[in-house]
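J.: just coords:
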C-alpha cells in the first residue's frame, strides 16, 4: 500500500478522533462527525484527491460490513414487533414517493427507469442520526422513535431489492460493457442456488468450528463467509453489498449469530468510519459552489417532500399529529443507503456524474440539518393546539360516565392499571395516541379516547376537569410535560401521577405540576436493593424499613452528587447484628429422619435451630434428638454470616 494512503488513513483517523470528541460534547451523532471530518479534509487537503479516491475504495468494505450487520440483525422477532409499521408506513412512503417521481416522467423531465431509481434513493434515511438525537433527549422509547425504526426496516429491504434489480435494469437498457438481460437473469438464478446451498451448509460448518473450541476461527469463518459471498455476488454482476446482506441473513439463523456480531463489530466500526468519512471526502467544493442553486433546491425539495410523505405514512399507521410530524422530520434526510444505491447504479450509467454530485451534496446537507429540525419541530408541535385530529372511526365524544381516573397511555402499565380499576368498579377513561392500539382497547370493552394527550382539546374532552386522578404513562418526555402542565391548568385539584423512565426527567415534571413521579430507573434500584438484602437473609421487616428510608431520602440522594446520609451507616449496623430466617425442608431432603444432633448444624455453621414448625404445631427449643421430617420449617438464628453458611450447608449438604 503506497505511503501516502497510509499517511492519509492515520491523519484521517486522528482528525476523526478530534471531531468525534467535539461532536459528543455538542451531542452530535458520530455519523455526522465522520462526515464532517471528510468535509474538512476535502476542503483543507485538496492535493490528496487521488489518495482520497483510493480511500473510498477501502470504504467500500464499510458498505459490505454495514449490509452484513443489517442481515445479521434482521430477526423475525423484530419483523413481528414492527411488522405493521414496516408494512403500512414503509409501503405508503414508497408508493407516494414513486407516484411523485412518475409525475416528472409524464412531464418529460426524466426517463421512467431513472425516476424509479431516484425515488428509492430519496426514500432512504439515516436512522442513526435521528435515534442519537432521541437518545440524548430521553425519547428513545417514544412512539416516534419506534415508528422510525419500523419504517427504516422497510427502507433496508427496499435497498436490497434495488441492489438486485440494478444490474438487471442496466442490462435491459443494453448498457455497453455489461451483461445482457438474459445473462443477468441467469446470474440471479445462480446466486439463488448458491444461497439455498449456503442455507444448509453455513450452520453445519459453523457448528463444526465451534466444537473445535478455537474462538478465533469463528471470527475468521464469519469474515470468510461475508467477503466470499460478497465476491461471489460481484462476480455475477451484482454488488458486493448484496452478497454481504444475504450472508448476514444466512448466519442470522445460526445460534451463534450474537457472538458473530460481537466479534466482527471492530472490523465493522473501522470500515464504516471510513465509509462515512468518504462521503465527506467525495464532496466537491468547486462543484457545490457552481451548482449551489440546484443543490439547495434539491435539499429543500427532498426534506419537504419526505417530511410530508412520511407524515402521511405515519398517520396511515394510526399515530397522532405530533408523532407523525416528528417521524417525518427525523427521517427527512437522505441516508447512507442512498449512497449505496447511487454507488451501485453509477457503473451502469443509470446516474450521470452531475446527478450524483447534486444528490450526494443534498444528502449531506439533509443529514447535517436533521438534529436542528427535530429539536425545532418538537417544540413547534407542542404549540399547535388548534389542530383537529382525525380519529379513524374512534369515537371522540365525551364519555357518558364521568371518569374518576384518566389514564394516558395504554401500554403494559396502563393495561394493568385498567384491569385493577375495572375489578374495583372505579370509572376510568384511557387516552391513547396510537389508533391501532386504541381500536384494540375499544374491542376489549375499554372506554378509550383516541388523541394526543399533550393537546388542550383532547384533555378537555377526556373530562380531566372533574377527574380525581390523572395517571400519565407515555414515553415522550416533552409530550408528558405538556400534558401535565395543561391538566394542571384545567384542574388545579386533580392528583397527577407520572411514570418516567429516567431520573433526570423528575424535576421538570414536578415543576410543571405533577404530584408524584415514579422513575423506572429509581424503582429498579429499589428492587435490586431489596433482592440483595433478601439474599443476605436480612429480616423482611428490616428490608421494609430500609426501603421506606430509601424512598423517603433516595430520590434526593440520586438527584444530587452527594448521597443522603444515614442509609449506609444503618445498613452496616444491621449487618453487624444477628438475624433469623426460615429453611423449608422439601421432600427427599438429606436431613429427613436425621436428628438435630447428627446434623451438627451449630458446629459446622454457628447457626442454631430455635424452633421447628410442623403443620399447625410449633416445637419450641427442640431437643438434640428431635428428628426432622419432610415439610418442617426450621427457624434459624445467628449472625448474617452464620445464617448464610447454614443455608449453604442445608442446600448443598
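T.: Looks like it came in fine. Given the structure is predicted, the values throughout are model-derived calculations rather than measurements.

J.: tell me the mean pLDDT over the one helix or strand residue 422 maps to?
T.: Using DSSP states H and E, residue 422 sits in helix 412-423. For helix 412-423, mean pLDDT rounds to 91.

J.: gap between the helix or strand following it and the chain center?
T.: Going down the chain from helix 412-423, the next helix or strand is strand 428-432, by DSSP H and E. Strand 428-432 has its C-alpha centroid displaced from the chain centroid by 27 Å (Cα atoms, centre = their mean, to the nearest Å).

J.: list the helices and strands strand 428-432 packs on?
T.: In this structure, strand 428-432 packs against strand 405-408, helix 412-423, helix 435-443, strand 448-450, helix 456-462, with contacts taken as 3 or more Cβ pairs under 8 Å, 6 or more residues apart in numbering; DSSP states H and E. All C-beta atoms are positioned from the backbone trio N, CA, C, and that covers glycine.

J.: take the ones you listed and write them to a markdown table, including mean neighbour count and distance to residue 640.
T.: Shown next, in a markdown table, are the helices and strands packed on strand 428-432 (neighbours: other Cβ atoms under 10 Å; distance: least, Cβ to Cβ, whole Å):
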| stretch | mean neighbour count | distance to residue 640 |
| --- | --- | --- |
| strand 405-408 | 26 | 43 |
| helix 412-423 | 15 | 35 |
| helix 435-443 | 18 | 48 |
| strand 448-450 | 25 | 51 |
| helix 456-462 | 20 | 52 |
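
J.: could these go into JSON lines alongside distance to residue 493?
T.: Converted to JSON lines, the helices and strands packed on strand 428-432 look like this (distance: least, Cβ to Cβ, whole Å):
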{"stretch": "strand 405-408", "distance to residue 493": "14"}
{"stretch": "helix 412-423", "distance to residue 493": "20"}
{"stretch": "helix 435-443", "distance to residue 493": "28"}
{"stretch": "strand 448-450", "distance to residue 493": "21"}
{"stretch": "helix 456-462", "distance to residue 493": "15"}
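
J.: out of those, which comes closest to residue 190?
T.: Closest to residue 190 of those, according to Cβ to Cβ: helix 435-443, at 42.2 Å.

J.: the inter-axis angle of that closest one versus helix 412-423?
T.: Put simply, helix 435-443 runs at 20 degrees to helix 412-423, going by axes from the mean of the first three to the mean of the last three Cα atoms, to 10 degrees.

J.: avg pLDDT for the host helix or strand of residue 80?
T.: Assigning secondary structure by DSSP H and E places residue 80 in helix 76-84. Mean per-residue pLDDT for helix 76-84: 78.

J.: and for the helix or strand just after that helix, what's in contact with it?
T.: Later in the chain than helix 76-84, the nearest helix or strand by DSSP H and E is helix 90-106. For helix 90-106, the surrounding residues in contact (Cβ atoms under 8 Å, 6 or more residues apart in numbering) are 110-112, 115-116, 118-120, 122-123, 150-151, 153-155, 157-158, 305-306, 309-310, 312-313, 316.

J.: what subset of those residues is buried?
T.: 110, 115-116, 118-120, 122-123, 150-151, 153-155, 157-158, 306, 309-310, 313, 316 (16 or more other Cβ atoms under 10 Å).

J.: that older thread, nearest to residue 492, out of the helices and strands packed on strand 428-432?
T.: Nearest of the helices and strands packed on strand 428-432 to residue 492, taken as Cβ to Cβ: helix 456-462 at 13.8 Å.

J.: tell me the first helix or strand C-terminal of that closest one.
T.: Past helix 456-462, the next helix or strand by DSSP H and E is strand 469-472.

J.: mean confidence score for the helix or strand just after that following strand?
T.: Downstream of strand 469-472, the first helix or strand assigned by DSSP H and E is helix 477-490. Regarding helix 477-490, the rounded mean pLDDT is 91.

J.: how far is helix 477-490 from where the chain is centred?
T.: Worked out by Cα atoms, centre = their mean, helix 477-490 lies 26 Å from the chain centre.

J.: contacts for it next, please.
T.: By Cβ under 8 Å, 6+ apart, the list of residues contacting helix 477-490 reads 137-139, 142, 322, 378-379, 382, 408, 452-456, 459-460, 464-465, 470, 472, 474, 494, 496, 498, 500, 505, 508-509, 512-514.

J.: would you mark the buried spots in that helix?
T.: Neighbour counts using 16+ other Cβ under 10 Å place 477-488, 490 of helix 477-490 among the buried residues.

J.: which stretches of the stretch 451-600 of the chain form helices?
T.: 456-462, 477-490, 506-512, 520-535, 540-559, 567-576, 596-599 (DSSP state H, counting those that start in this stretch).

J.: now for this structure, the helix or strand with the poorest mean pLDDT.
T.: Counting by mean pLDDT, DSSP states H and E, the chain has its least confident helix or strand at helix 567-576, which shows a mean of 50.

J.: dig out what residue 638 forms beta bridges with.
T.: With DSSP bridges as the criterion, residue 638 is bridged to residue 579.

J.: tell me the pLDDT at it?
T.: On pLDDT, residue 638 comes in at 85.

J.: ditto for residue 466
T.: Predicted confidence (pLDDT) for residue 466: 90.

J.: how close does it sit to residue 16?
T.: 58 Å (Cβ to Cβ, to the nearest Å).

J.: settle it for me: which of those two has more neighbours?
T.: Shown here are residue 466 and residue 16; by other Cβ atoms under 10 Å, residue 16 has more neighbours (23 against 13).

J.: quick one: contacts for the closest residue to the more buried one other than its chain neighbours?
T.: Leaving aside its chain neighbours, residue 16 sits nearest to residue 37 (4.5 Å; criterion: Cβ to Cβ, 6 or more residues apart in numbering). Taking Cβ under 8 Å, 6+ apart, we find residue 37 in contact with 12, 15-16, 19, 277, 280.

J.: output these as CSV; include the columns distance to residue 589 and pLDDT.
T.: Listed next are the contacts of residue 37 as CSV, based on distance: Cβ to Cβ, whole Å; pLDDT from 0 to 100:
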residue, distance to residue 589, pLDDT
12, 67, 72
15, 67, 76
16, 63, 76
19, 65, 78
277, 65, 83
280, 69, 85
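
J.: can you pick the most crowded of those residues?
T.: Greatest neighbour count in the contacts of residue 37, by other Cβ under 10 Å, goes to residue 277: 30 neighbours.

J.: in which helix or strand does that residue reside?
T.: With DSSP H and E as criterion, residue 277 is part of helix 257-281.

J.: that helix packs against which elements?
T.: Contact partners of helix 257-281 among helices and strands, from 3+ Cβ pairs under 8 Å, 6+ apart: helix 3-25, helix 30-44, helix 49-72, helix 215-235, helix 336-345, helix 353-381.

J.: ok so, going back, out of the helices and strands packed on strand 428-432, which comes closest to residue 346?
T.: Nearest of these (Cβ to Cβ): helix 435-443, 40.9 Å.

J.: so what's the gap between the closest one and the chain middle?
T.: 24 Å.

J.: what of stretch 374-388?
T.: The chain centre lies 24 Å from the centre of stretch 374-388; the measure is Cα atoms, centre = their mean.
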